[in-house]
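>>> need coordinates for the below:
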Amino acid sequence: MPRMETGQQLVSANGVTQAVRVAGPPDGVPVLLIHGNCSSAAFWEPLVRRLPDTLRVVAPDLRGYGDTDTAPVDATRGLTDFSDDVAALLDEPSLFSSAARPVVVGHSLGGGVAMRLLVDHPERVAALLLAAPVSPYGYGGTRDLTGTPTTPDFAGTGAGTANAEFVKRLAAGDRGTDSQASPRNVLRATYVADPASLGADEELLLDTLLSTATGDDNYPGTAVDSAHWPGTAPGRRGVLNALSPAYFRIADELVAVAGKPPVTWIHGDADVIVSDTSLFDLAHLGSLGVVPGWPGADACPAQPMVGQTRAVLERYAAAGGTYREVLLPGCGHSPHLERPAEFVAELLRLTDGTVA
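Numbers count the residues shown, from 1 in each chain. Predicted structure coming up:
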């Protein structure tokens, strides 16, 4: 199989100058790759090398990441700022042939962006491949499989949950290992289950993490005080607030979407970021004694992130769609890095149109 090479171009779309990695022939089967939080399009590079050159691969840097403009994120729109940017690329002739319907692949936050893109533009999406996606009920602050809020103001979600030391080191471009909160150590400990899976690409992948724009309008965003534990609630600006269930709750819209293209959900059982026992969910950390003052499981249970996604996709199927769950034993948050053969197989299954 020929090695697929990527090039980068700048595209002005939706009022944002977006850096976009492109590979494969313009008339190839279109694939749109949407990266997750604290990364960039280059996070897909190890995957793209493994893809056949019959695909047209387009991978944008989302706003505030990589080489795309550091445009502000209006958290009250959920992830719609991101999905609107991506949707505008679908009509760019230098990227896609006319009326392209790509297979859309979304990782983590990018999975939420892909869901939003499907809801808003169902006629433009051929299929979804969701890789360790954020729950359709957002990140944190909900207690059950139907996304019931834990508190009225979604306390314990949003920008106030970010590790201040990590944000400081991210902003400084720190590449060291002297702190558990250093970007390199976070990459090794949470993006994958086994740091060895980063291999020779570790520096490239760290570059993507360090490309994250920090501040009130981007990562992590603004926070407000809350009367509820743990004392912080989401503000109205920035990435982590856009992920909060205060603003990102797409479950019902996803179930109701017209056309219902096939969905494949691929995730690992050793993921510590998107998990029913996530190490980034303050409710779960409270239950472990890491965050003091936790009011107990009745008042503030951990969010069942994986269970919520499964429940919503089951509703999607019951409403006329189809979905396929691929659970990878021993895999962490980045299936395309950790289990590339299985990931490529699932992607090609969608691009070949062989879904059941």
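
>>> show me where pLDDT drops low in this protein?
1-5, 354-356 (pLDDT under 70).

>>> which helix in the chain has the most residues?
Ordering each helix of the chain by length in residues (DSSP state H) puts helix 305-318 first.

>>> pretty sure Val105 is in a helix, no?
No: looking at Val105 with DSSP: H, G, I helix; E, B strand; the rest coil, it is strand, so not inside a helix.

>>> contacting residues for the residue nearest to it when sequence neighbours are not counted?
The shortest distance from Val105 to any non-neighbouring residue, by C-beta to C-beta, 6 or more residues apart in numbering, is to Leu129 (4.4 Å). Quick note: C-beta positions are derived from backbone N, CA and C, even for glycine. Neighbour list for Leu129: 103-106, 263-264, 266, 346-347, 350 [criterion: C-beta atoms under 8 Å, 6 or more residues apart in numbering].

>>> and Asp85, how many neighbours?
When neighbours are counted by other C-beta atoms under 10 Å, Asp85 registers 23.

>>> residues contacting it?
Asp85 neighbours (C-beta under 8 Å, 6+ apart): 13-14, 16, 18, 60, 62-63.

>>> strands of this protein, residue ranges please.
According to DSSP state E, the chain carries its strands in the segments 7-13, 16-23, 29-34, 55-60, 103-107, 127-131, 214-215, 219-220, 223-225, 232-234, 263-268, 323-328.

>>> distance from stretch 47-64 to the middle of the chain?
Its chain's C-alpha centre and that of stretch 47-64 lie 16 Å apart, by C-alpha atoms, centre = their mean, to the nearest Å.

>>> got it, and stretch 241-255?
13 Å.

>>> got it, and stretch 230-243?
16 Å.

>>> tell me the spacing between Ala41 and Gln8.
Separation of Ala41 from Gln8 (C-beta to C-beta, to the nearest Å): 8 Å.

>>> packing partners of the longest helix of the chain?
If contacts are counted by 3 or more C-beta pairs under 8 Å, 6 or more residues apart in numbering; DSSP states H and E, helix 305-318 sits against helix 251-256, strand 263-268, strand 323-328.

>>> and the angle from the second one to strand 103-107?
Meaning strand 263-268. 30 degrees (axes from the mean of the first three to the mean of the last three C-alpha atoms, to 10 degrees).

>>> and the contacts of strand 263-268?
In this structure, residues lying in contact with strand 263-268 by C-beta under 8 Å, 6+ apart are 127-133, 193, 274, 306, 309-310, 313, 316, 321-333, 335, 338-339, 342-343, 346, 349-350, 355.

>>> can we see that at 7 Å?
128-132, 193, 309, 313, 316, 321, 323-328, 331-333, 335, 338, 343, 346, 350 (C-beta atoms under 7 Å, 6 or more residues apart in numbering).

>>> give me the buried subset of those.
128-132, 193, 309, 313, 316, 321, 323-324, 326, 328, 331-333, 335, 338, 343, 346, 350 (16 or more other C-beta atoms under 10 Å).

>>> more neighbours, Ala41 and Gln8?
Set Ala41 next to Gln8 and count neighbours by other C-beta under 10 Å: Ala41 wins out with 29 against 14.

>>> the closest residue to that one other than its chain neighbours and Asp174, how far apart?
Spatially, and ignoring its direct neighbours in sequence, Ala41 is nearest to Ala59 (3.9 Å; C-beta to C-beta, 6+ apart). Between Ala59 and Asp174 the distance is 26 Å, computed by C-beta to C-beta.

>>> so these two - more neighbours on which side?
Neighbour comparison, Ala59 and Asp174: the larger count goes to Ala59, with 27 against 20 (by other C-beta under 10 Å).

>>> beta partners for that one?
Beta bridges link Ala59 to Arg21, judged by DSSP bridges.

>>> give the contact list for it.
20-21, 33, 41, 44.

>>> just these now: which is nearest Pro245?
Nearest to Pro245 among the contacts of Ala59, counting by C-beta to C-beta, is Leu33 at 25.6 Å.

>>> so how far is Pro262 from the residue lying closest to that closest one once chain neighbours are set aside?
Of all residues not flanking Leu33 in the chain, Ala59 sits nearest, at 4.0 Å (C-beta to C-beta, 6+ apart). According to C-beta to C-beta, Ala59 stands 21 Å off from Pro262.

>>> next, the buried residues of stretch 209-229.
Those would be 209-223, 226, 228-229, for stretch 209-229 by 16+ other C-beta under 10 Å.

>>> which residues are in contact with that stretch?
Stretch 209-229 is contacted from outside by 38-40, 64-66, 70, 72-73, 75, 151, 153, 155-156, 158-160, 162, 167, 170-171, 173, 183, 187, 231-241, 293-295, 300, using C-beta under 7 Å, 6+ apart.

>>> drop anything exposed from the residues you listed.
Buried members of these, scored by 16+ other C-beta under 10 Å, are 38-40, 64-66, 72-73, 75, 151, 153, 155-156, 158-160, 162, 167, 170, 183, 187, 232-241, 294, 300.
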